[in-house]
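>>> need a structure here:
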Amino acid sequence: METIQLSIDESLLAEVQQATAALKMTPSDFMKVALERALRQREIIEMELRDAKAYADNPQRPEEIEEWEDEQYWDD
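I've put the predicted structure just below:
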């Protein structure tokens, strides 16, 4: 395990302190969870960009979409 030094502004530190107290977590454990979630979010963003590129490179044809048009109707 490695120890790092982190600089954050006072308002963010106050929020972290409130969150860790409410969750009964140490600041270290809170930061680990936050970093893990941020990295997962990065992976999701990368997948979304890949999907967008794939659809841009190979757009759907109208006949591929027609069968789903009736599914878009929402009855009041």
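>>> by mean pLDDT, which helix or strand of this protein comes out lowest?
Per-element confidence for the chain was summarised using mean pLDDT, DSSP states H and E. The lowest value among helices and strands belongs to helix 62-66, with a mean of 83.
>>> so how far is that one off the chain centroid?
31 Å (Cα atoms, centre = their mean, to the nearest Å).
>>> can you give me the helices in the chain?
Using DSSP state H, the helices of the chain run over residues 10-23, 27-57, 62-66.
>>> compare the mean pLDDT across these and name the weakest.
The stretch with the lowest mean pLDDT among the helices of the chain is helix 62-66, at a mean of 83.
>>> tell me the buried residues in that one?
For helix 62-66, burial by neighbour count (16 or more other Cβ atoms under 10 Å) applies to no residue. Using the backbone N, CA and C atoms, a C-beta is placed for each residue, glycine as well.
>>> dump it to PDB, restricted to CA.
Coordinates of each C-alpha in helix 62-66 appear next as PDB, following Å, rounded to 0.1, in the frame of the first residue of the first chain:
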ATOM      1  CA  PRO A  62     -34.400   3.100 -41.500                       C
ATOM      2  CA  GLU A  63     -35.700  -0.500 -41.900                       C
ATOM      3  CA  GLU A  64     -33.800  -1.500 -38.800                       C
ATOM      4  CA  ILE A  65     -35.700   1.000 -36.800                       C
ATOM      5  CA  GLU A  66     -39.200   0.600 -38.300                       C
END
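>>> on contacts alone, who are the packing partners of that helix?
For helix 62-66, not one helix or strand is in contact under the criterion 3 or more Cβ pairs under 8 Å, 6 or more residues apart in numbering; DSSP states H and E.
>>> neighbours of Pro27, how many?
When counting by other Cβ atoms under 10 Å, one arrives at 14 neighbours for Pro27.
>>> can you pull the contacts of the nearest residue to it once chain neighbours are set aside?
Using Cβ to Cβ, 6 or more residues apart in numbering and skipping the chain neighbours, the partner closest in space to Pro27 is Thr20 (5.3 Å). The contact partners of Thr20, taken as Cβ atoms under 8 Å, 6 or more residues apart in numbering, are 26-27, 29-30.
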